[in-house]
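**Q** The following comprises the amino acid sequence and a computationally predicted model.
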Amino acid sequence: MASVAPPTPTDVLHRLFGFEGFRRQQEQVVTRVLAGQRTLAIMPTGAGKSLCYQLPAVIMDGTCIVISPLIALMHDQMRAADAVGIRAATLTSADDNRAETISRFRAGELDLLYVAPERASGQEFRNLLRETKIALFAIDEAHCVSEWGHDFRPDYRLLRPLLDDFAHVPRLALTATADTHTRDDIAEQLGIAKDGIMVAGFDRPNIRYIAEAGANSGIASLVKGLPGAGIVYAQTRDRTEKIAAQIAETGRRVLYYHAGMEPQTRARAQAEFVSSEDMVMVATVAFGMGIDKPDVRFVVHAGLPKSIEAYYQESGRAGRDGDPAVAHMLWSAGDFTRARGRLSELAPERHEAELARVDALSHLVETPGCRRAVLLRHFGESPSETCGNCDNCMHAPDVHDATELSRKLLSAAYRTGQRFGMGHLEKVLAGQQDERITQFGHDQLSVFGIVDRSEAAMLKPLSRALQARGALVANEHGGLKLGGDARAIMRGEQKVEIALAKPGNARRGGRPENPIGNPLFEALRAKRRTLAENVGVPPYVIFHDATLREMALTRPTDIRALGRISGVGARKLEAYGEEFLSVIAQY
Ligand SMILES: [Zn+2]
């Protein structure tokens, strides 16, 4: 019997996914997997991680076992795989077709089988794996195996014996986050040699980074101006509900999500968000871990994130489809006070690392330079000095040497006993009399009235900046005392610069790529919505916005031309081709 040559990766990429070429690191990873080499792929969200095992799974003989930590995530990915014609199933406690899945698996009818780590590591599952051919183990969210990662799951530690039991089966671990330390640990825990670590760049060029000192009160108006679906991260359950109510008043569709809600209500909110094209979700940071929604257009942080890593990961939930997206952070001096206040509750050995975390964040918000460069340098890259797609690159702020003014402000805090808030210190420095000032004799101090009017205008942002860097520390009543490098600043050994946005520069706003208002594009979107509702999948599973945009632009008139559009694979062409062609024919 003549053997048929297996399809090449490029064939499958084109036929199944409708893509002309691989993105970034994909090809390298796929090639290694097909050669049976153990690999740890570090790829940013949006770089097309899942394709790295889906594609080999189609080519290789046998089933690819995908280990994933969250049921909702598995279901999203199964749906997307299914839509392009990959034979995929999930085996979880939430599936009532388990018996059917097991018999399909035994019969070799599955390309992908998704399971959770606790099931995968059990003896029963191991016995099942011996009954048919296993092509590959794909370990998704592999940082969960490392205690150094931000999301350690003990169940992931149980995978190693399983993997070693099937030592001949190639293994591919995937994660979007990992500093070098965590990276090495993941590889070691999963038995992957160091030269098997493939790192794709961390840059997400389609995300516009914006950071702004601002109160939460501005969030509703900010969100109102951002088109498409988006996530607002708030720090507490209470805040999520309040912010959601404010956004609702602007007329936008909005839901909230936090751990205090009934699981069913929460699941419903999540499903509604995933299938929407324009909904806002106000949530605590747990939201988003388990969803695979590529068309999130913005992520707003209502308050300081926990760390640069957390910020990168949370903001990275925007724009996975590669279309323009916005990451907008609103921070306050109080966020830094709280973050630095928590340091004292930590064991001494963790102090240094945590302090570095907060300092890195303060650098990100205080920099007059490119924010993307700050992020990328944090991950060990050497980016160019400007990116052209962050607030500072687009509207360079004014940089002021505030060393002298800092010395005045810090002296005022010191001389008044390190217990007064900014309002009082401003009056002292500006030489404004009031009852308290006279009562405490602060008008007799050498710092009374030493700043002029133009300097006075800079005191508030300066106080914010000094709190961000830790030189001023607020107590629970807002009283400011010296901290960090305050004394070095007062002695003139340390320079202080602050970056202030130029007045009149709109630093806000997204850059919608979609030709909103283009009748053909809108009609294609409407068709997509109808089809999505009929099939019971989110619209992006049918086609991404970019694919519809290209249709609206090139107006293909036959199936062949439609099939040449990026994102239109054979399966989707057959399922939806005629429907979309008929829409195009009407315009
Ligand atoms: Zn920039």
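**A** Ah, there it is.
**Q** Can you tell me how far G563 is from the ion?
**A** 38 Å (Cβ to the ion, to the nearest Å). In this view, the C-beta of every residue, glycine as well, is placed from N, C-alpha and C.
**Q** ok, how many other residues are close to the nearest residue to that residue once chain neighbours are set aside?
**A** Leaving aside its sequence neighbours, G563 sits nearest to L573 (Cβ to Cβ, 6 or more residues apart in numbering; 4.9 Å). Using other Cβ atoms under 10 Å, L573 has 19 neighbouring residues.
**Q** L573 and A561 touch, don't they?
**A** No. In this structure, L573 is not within contact of A561 by Cβ atoms under 8 Å, at 10.7 Å.
**Q** quick one on the thing from earlier: need the contact list for the residue nearest to G563.
**A** G18, I559, L562, G563 (Cβ atoms under 8 Å, 6 or more residues apart in numbering).
**Q** Just the helices from the stretch 401-550 of the chain, written as ranges.
**A** Along the stretch 401-550 of the chain, counting by DSSP state H, counting those that start in this stretch, helices occupy 403-415, 422-430, 435-440, 453-456, 459-469, 486-490, 519-535, 539-542, 545-554.
**Q** related to what we said a few turns ago, turn the contacts of L573 into JSON lines, including distance to T438, neighbour count and secondary structure.
**A** What follows is the contacts of L573, written out as JSON lines (distance: Cβ to Cβ, whole Å; neighbours: other Cβ atoms under 10 Å; DSSP: H, G, I helix; E, B strand; the rest coil):
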{"residue": "G18", "distance to T438": "76", "neighbour count": "22", "secondary structure": "coil"}
{"residue": "I559", "distance to T438": "86", "neighbour count": "13", "secondary structure": "helix"}
{"residue": "L562", "distance to T438": "80", "neighbour count": "24", "secondary structure": "helix"}
{"residue": "G563", "distance to T438": "82", "neighbour count": "18", "secondary structure": "helix"}
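**Q** Mind picking the two most distant members of those residues?
**A** Pairwise distances across the contacts of L573 peak at 12.8 Å for G18 and I559 (criterion: Cβ to Cβ).
**Q** So what sits opposite L113 in the bridge?
**A** Assessed by DSSP bridges, L113 has beta-bridge partners I65, A89.
**Q** Relative to F543, how far out is T182?
**A** Counting by Cβ to Cβ, to the nearest Å, the gap from T182 to F543 is 36 Å.
**Q** Phi first, then psi, for the residue lying closest to G569 once chain neighbours are set aside.
**A** Closest residue in space to G569, ignoring its immediate chain neighbours: G18 at 3.7 Å, by Cβ to Cβ, 6+ apart. Reported as degrees, to the nearest 10, the phi and psi values for G18 are phi 70, psi 20.
**Q** Specify the residue ranges that define each domain of this protein.
**A** Per the record, the chain has its domains at 9-199, 207-397, 399-500, 519-585, by automatic domain parsing.
**Q** any weak-confidence spans in the stretch 401-550 of the chain?
**A** In the predicted model of the stretch 401-550 of the chain, residues 504-512 satisfy pLDDT under 70.
**Q** near the ion, which residues of it show up?
**A** Residues of the stretch 401-550 of the chain found near the ion (Cβ under 5 Å from the ion): none.
**Q** Same check on the stretch 251-400 of the chain?
**A** Counting by Cβ under 5 Å from the ion, the stretch 251-400 of the chain sits next to the ion at C370, R372, C387, C390, C393.
**Q** Turn those into CSV, columns for secondary structure.
**A** Converted to CSV, these look like this (DSSP: H, G, I helix; E, B strand; the rest coil):
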residue, secondary structure
C370, coil
R372, helix
C387, coil
C390, strand
C393, helix
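**Q** Widest-spaced pair of those?
**A** Spatial extent of those (Cβ to Cβ) is set by the pair R372 and C393 at 7.8 Å.
**Q** Those two: who's more crowded?
**A** Shown here are R372 and C393; by other Cβ under 10 Å, R372 has more neighbours (24 against 18).
**Q** Make JSON lines from the domains of the chain and add distance to E513 to it.
**A** Formatted as JSON lines, the domains of the chain follow (distance: least, Cβ to Cβ, whole Å):
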{"stretch": "domain 9-199", "distance to E513": "15"}
{"stretch": "domain 207-397", "distance to E513": "5"}
{"stretch": "domain 399-500", "distance to E513": "29"}
{"stretch": "domain 519-585", "distance to E513": "7"}
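**Q** Closest approach to the ion from the stretch 201-350 of the chain, which residue is it?
**A** Y209 (7.0 Å; Cβ to the ion).
**Q** What is the neighbour count of that residue?
**A** Around Y209 there are 23 other residues, counting by other Cβ under 10 Å.
**Q** I'd say it and Y312 touch.
**A** No. Shown here, Y209 and Y312 do not form a contact pair, counting by Cβ under 8 Å, at 10.1 Å.
**Q** Give me the common contacts of those two.
**A** When contacts are counted by Cβ under 8 Å, 6+ apart, Y209 and Y312 are jointly contacted by L375.
**Q** How many residues are close by the residue in the stretch 1-150 of the chain that the ion sits nearest to?
**A** Residue nearest to the ion within the stretch 1-150 of the chain (Cβ to the ion): P44, separated by 16.8 Å. Per other Cβ under 10 Å, the neighbour tally for P44 reads 22.
**Q** now the one 10 residues further on
**A** Other residues within reach of Q54, judged by other Cβ under 10 Å, total 25.
**Q** which ones are touching it?
**A** For Q54, the contact set (Cβ under 8 Å, 6+ apart) comprises C64, A81, I86, D111, L112.
**Q** any idea of the mean pLDDT for the strand or helix carrying it?
**A** Element membership for Q54, per DSSP states H and E: helix 51-59. Average pLDDT, helix 51-59: 95.
**Q** roughly how far is that helix from the heart of the chain?
**A** 24 Å (Cα atoms, centre = their mean, to the nearest Å).
**Q** Next: stretch 453-460.
**A** 36 Å.
**Q** cool, stretch 203-223 as well?
**A** 14 Å.
**Q** end to end, how far does it reach?
**A** One end of stretch 203-223 sits 24 Å from the other (Cα to Cα, to the nearest Å).
**Q** got CSV for the helices of the stretch 401-550 of the chain, with mean neighbour count too?
**A** Converted to CSV, the helices of the stretch 401-550 of the chain look like this (neighbours: other Cβ atoms under 10 Å):
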stretch, mean neighbour count
helix 403-415, 20
helix 422-430, 20
helix 435-440, 12
helix 453-456, 12
helix 459-469, 22
helix 486-490, 18
helix 519-535, 16
helix 539-542, 22
helix 545-554, 20
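**Q** list the contacts for the residue nearest the centre of the chain?
**A** The C-alpha lying nearest the average C-alpha coordinate of the chain belongs to G316 (Cα atoms, centre = their mean; 2.4 Å). By Cβ under 8 Å, 6+ apart, G316 lies in contact with P44, T45, G46, A176, R204, I207.
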